[in-house]
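**Student:** kindly return the folded structure for what I paste below:
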Amino acid sequence: MNESKKFSKKWLLLLIPIALVAVLVTVMLIFSPKGAKGSKTITISVVDSAKQTVTYTTKTDAEFLRGAMEETEGLTFSGDESEYGLMVTVVNGETADFNVDGSYWAFYINDEYCNYGIDSQPVADGDSFKIEYTK
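**Tutor:** I've put the predicted structure just below:
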């Protein structure tokens, strides 16, 4: 009987972490941002350090902002990949480097600060994005 209890405890100790991981994955899937499927038209405005604005209108099937940005003709961007997605440091040839002068590219959706990075920011028909050089 004692051996049976030890065996049960071992299984229980093994199953608890597996159950916790399953719960976390489920919660993440339920609450992660979802992109809208299908064709949509969005605008992306870029405000550079001189406060000059260039606005792009693009039709896209992308579900998230990065894909839409990649499809936008004339818009260029790059940055550093991380575990959280792309950290944009260069837009249309202009670099924002927080470590040098405290500057960064701020992203807005419909005049509100984006809650997600460009890899997970959902895109819906009619959305208006702004990418602004900020110090």
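**Student:** can you list the domain ranges for this structure.
**Tutor:** 1-32, 40-134 (automatic domain parsing).
**Student:** deepest of those domains, which one?
**Tutor:** domain 40-134 (a mean of 15; mean count of other Cβ atoms under 10 Å). In this view, the C-beta of every residue, glycine as well, is placed from N, C-alpha and C.
**Student:** mind checking the end-to-end distance for that one?
**Tutor:** End-to-end span of domain 40-134 (Cα to Cα, to the nearest Å): 28 Å.
**Student:** OK, contacts around residue 39?
**Tutor:** 59-61, 125 (Cβ atoms under 8 Å, 6 or more residues apart in numbering).
**Student:** could you dump these into JSON lines with secondary structure, distance to residue 78 and pLDDT added?
**Tutor:** Converted to JSON lines, the contacts of residue 39 look like this (DSSP: H, G, I helix; E, B strand; the rest coil; distance: Cβ to Cβ, whole Å; pLDDT from 0 to 100):
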{"residue": "59", "secondary structure": "strand", "distance to residue 78": "23", "pLDDT": "96"}
{"residue": "60", "secondary structure": "strand", "distance to residue 78": "19", "pLDDT": "96"}
{"residue": "61", "secondary structure": "coil", "distance to residue 78": "23", "pLDDT": "95"}
{"residue": "125", "secondary structure": "coil", "distance to residue 78": "27", "pLDDT": "96"}
